[in-house]
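Participant: Just a sequence and a predicted model for now, questions to come.
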Amino acid sequence: MAENNVTNTNTTNSIDNARKYGTKLWKKKVRKFFNNRLAVFGLLVVVIFLVLMIGAPIFTKWDPNAPNFKAKLVGPNAEHLLGTDSLGRDLFARILYGGRTSVLIAVVSSFIGSTIGTILGAIGGYFEGFIDKCLVRLQEIVSCFPQLILVLIVVAFIGPGTWNLILIFALTGWTGCFRLVRSEFIARKEETYVKVCEAFGMSNVKIMFSQILPSVLTTVIVQLTMNIPGYVMQEAGLSFLGFGVPMNTPTWGTMLNAAKASSILINNPHCWLVPGLAISLFVLAVNFFGDGLRDVMDPRQQ
Amino acid sequence: MADNNIFRLENVKVWFPVQKGFFKKTVGHVKAVDDVTINVKRNETLGIVGESGCGKTTLGKAMMLLENPTGGDVYFNEDGTEKDITKFSKEERFEFRKKVQMIFQDPYSALNPMKKIYTEMEEPLLIHGYKDKAEREYMMEQALKLVNIPVDYLFKYPHEFSGGQRQRVCIARAMEINPKVLVCDEAVSALDVSIQAQVLNLMKDIQQERDLTYVFIAHDLSVVQYMSDRILVMYLGKAVEMADSIELYANTKHPYTVSLLSAIPVPVLDRDKKRIILKGDVPSPINKPAGCPFHERCDRCMERCKTEEPQLKDVGNGHFVACHLYE
C-alpha cells in the first residue's frame, strides 16, 4: 500500500512536469493572428469603438438626448467634435451612446441566433432521421419567411423596441448557423474518433457536445462575428424606415433617420456622414477581424 | 470446450437494407455478414482474412456491439457464464464496453485532432468512473509505458505524431481500462512496413503480459500468419474455412483459401509456384448466387455447388471448412 502511494506521487510529478512543456496551441494561434495586419487593424478599431462606447460619459460631456436650440446643425468644431444635428444634439455623444444600442442588438442577436442554430444543427446532424427532417423543414420555412413582414407584425402588435428587434433577429437568424453545424456534424460523426468514443461507452450527448462540437465551434465563432456587421446594417435599415428602435433612443440607424430631410442631406452632410461612416468603419473592422479569426481557427488550415 | 470460448457467434447476420425510390422502399439487403457461426477461444489470436468487402470489419463491429446483428446470437463468456450480448440492457452494454475494446484501421482519424492526448486518454477512465485524478494519471502512465510512449507526449496534439506513434497511442488508450478482448480492425495496414513489425511485436508482448484475446482482422496474409493462432477465412459474408494457423497453411482445403494463399509473394527466386488467378469479380452481396457463394469462380465447381449451400463442418483436427468437396 505504502509502496503504491510512492509510485503514485512519482507519476503525478513527472506528468505535472510534462504538463509544463506541453504544446501550447493557443500561443501559436495568437501569434499567427497578430501576423495578419488587416485582422489586427480590425481588432484595434473594434476595441477603440467598444472602449469609447462603454466609457461614453468620460469621453463626452454632452447628453445625447438633450436638445440645444442655440447650436442647431453646427459643423464640427472644438465644442462639438462632430457637430450637432437639427435639434442641436451633439453627434459625437450620439455616436457613442447610439453605438451602445446598435452593437448590443447586433452582438446579442448574433449570439442567440448562433446558439439556437448550433444546438438544433447538432441534434439534426447527429441523429438524422425524422427529427432532422422536421428541423430542416422548419429551417426552410423560417428562411423563406420575409423578415420585414415579421418586423411589421411585431411592430404593429407590440410596438418598436430594442428587445423586439433582438428577438426577431435571433428567431430568423439561426438558419445559416443551423445549416453549417448540421453539415459539419453529418461529416464528422463518421470519423473514427467518434466510433472510438462509442466503443468506450460514451453517451450520445457527451459525444455531440464534448467530441464533435469543439471542432465545429471554431467555425461557429467565425460565423458569429461575420453576422454582427449584418445585424448592425439591418438595425440601421429598419430604424431608418422607422420600424426598428424608437426614434427617441439614439442608435446609428435612428441618427440616419433623423438626417433624412432633403435640406439636411444637401446643406449639412456631416449629419448623415458621421453615422454612415461609423457604421461602415465598424462593419469593415468586424469583417477584417472575423476573416483573421477564420484563418487562425479553421482546423482545416492547421 | 464451451468454457474455453470467450466469444461464440451463432448464425450471426448483419444485413443493411437497400432503399430505393421516393418512399424509401426496401428493395433488398446488403448481406455483409451472413450466417456466421464461429468461436473465439480464451487468450488466442483469431485472425480474420478475406477480400475487401467480405464482411470482416462488420463482423468485428458486431462483436463490439457497434453494429446490431440482424439475426443470430453473440455469446460473451467472461467469467464462466455465457451471456447473449445482443440482448444486453443499457447498463450491461456499458459494463461490456470495459471488457472488449477495438483498435481501428486508420490511426490518423482515430484521435480527435482538437484534443491533447491527455484528454483523449483521460476520457475513457472518466466514463468508467475513475474519480481520483492521481489514479487516472497513474493508469495513463502505465498504459503509455506498455506501448513505449514517453509521458511528455500526453500534452501534445495528434498532428505532432507519426502514424506509428498514433497507433500506439490508440493501443494504449484501448488498453488502459484493461479489456479482456481486443478487436484489431486492420490495425497495421495503414502503417508502413517497418512500423508494422514494430507494432505487431508490441501487440504480441502486450498479449502475453495481459492475457489478452485478440480478434485480428487483416487482409495481409503474412501479417495474419505471423500473429494468429487460428485463422478464419471469409468470403462474401460467409465463413468458408477456419483452422489452426499452421494447419491452414499446411493443409489448405477450401478452393478459395487455396487461391488466396497462392497469392502471397514469396521472396525466393526461381521458385516454381503456380498462382491461381480467379475468374471474374466477387458477386454483389445484394444478389448472392444460389448455392455456394464461391461456385461461380471455383475451378472445382460441381453440379451440387450451384444449388446447395455448404455448411461449415469439422473435417478433423479442429479444421472447419464449408465445401462440398470434403463431405
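Facilitator: Yep, it's here.

Participant: what about residue B:10, distance to residue B:71?
Facilitator: The gap separating residue B:10 from residue B:71 is 10 Å, by CB to CB, to the nearest Å. Glycine gets a C-beta too; all of them are placed from N, C-alpha and C.

Participant: Just want the residue of the stretch 201-302 of chain A that's nearest chain B.
Facilitator: Nearest residue of the stretch 201-302 of chain A to chain B, counting by CB to the nearest CB: residue A:201, 3.6 Å away.

Participant: List the residues that contact the residue in the stretch 1-150 of chain B that chain A sits nearest to.
Facilitator: Here the stretch 1-150 of chain B gets closest to chain A at one residue, residue B:97, 3.6 Å apart by CB to the nearest CB. Residue B:97 makes contact with A:199, A:200, A:201, B:65, B:128, according to CB atoms under 8 Å, 6 or more residues apart in numbering or on different chains.

Participant: element containing it?
Facilitator: In the assignment (DSSP states H and E), residue B:97 maps to helix B:90-99.

Participant: Tell me the buried residues in that helix?
Facilitator: B:94, B:96, B:97, B:98 (16 or more other CB atoms under 10 Å in any protein chain shown).

Participant: Surely the last one is in contact with residue B:128?
Facilitator: Yes. Applying CB atoms under 8 Å, one finds residue B:98 in contact with residue B:128, separated by 5.8 Å.

Participant: Overlap of the contact sets of the two?
Facilitator: Joint contacts of residue B:98 and residue B:128 (CB under 8 Å, 6+ apart) are A:201, B:177.

Participant: Could you list the low-confidence segments of chain B?
Facilitator: For chain B, the stretches flagged by pLDDT under 70 are B:1-3, B:270-273.

Participant: Residue of it closest to chain A, please.
Facilitator: residue B:155 (2.2 Å).

Participant: All the helices of the stretch 1-150 of chain A, residue numbers only.
Facilitator: Using DSSP state H, counting those that start in this stretch, the helices found in the stretch 1-150 of chain A span residues A:2-21, A:25-34, A:37-54, A:56-59, A:91-127, A:129-144, A:147-157.

Participant: possible to save those as CSV with mean pLDDT and distance to chain B?
Facilitator: Output for the helices of the stretch 1-150 of chain A, formatted as CSV (pLDDT from 0 to 100; distance: least, CB to the nearest CB, whole Å):
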stretch, mean pLDDT, distance to chain B
helix A:2-21, 57, 4
helix A:25-34, 84, 6
helix A:37-54, 93, 22
helix A:56-59, 85, 39
helix A:91-127, 92, 15
helix A:129-144, 92, 11
helix A:147-157, 83, 33
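
Participant: now those helices in CSV, with mean neighbour count?
Facilitator: Formatted as CSV, those follow (neighbours: other CB atoms under 10 Å in any protein chain shown):
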stretch, mean neighbour count
helix A:2-21, 12
helix A:25-34, 13
helix A:37-54, 16
helix A:56-59, 14
helix A:91-127, 22
helix A:129-144, 13
helix A:147-157, 14
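
Participant: Among the contacts of residue B:97, which pair sits farthest apart?
Facilitator: Across those, the longest distance by CB to CB is 15.9 Å; it joins B:65 and B:128.
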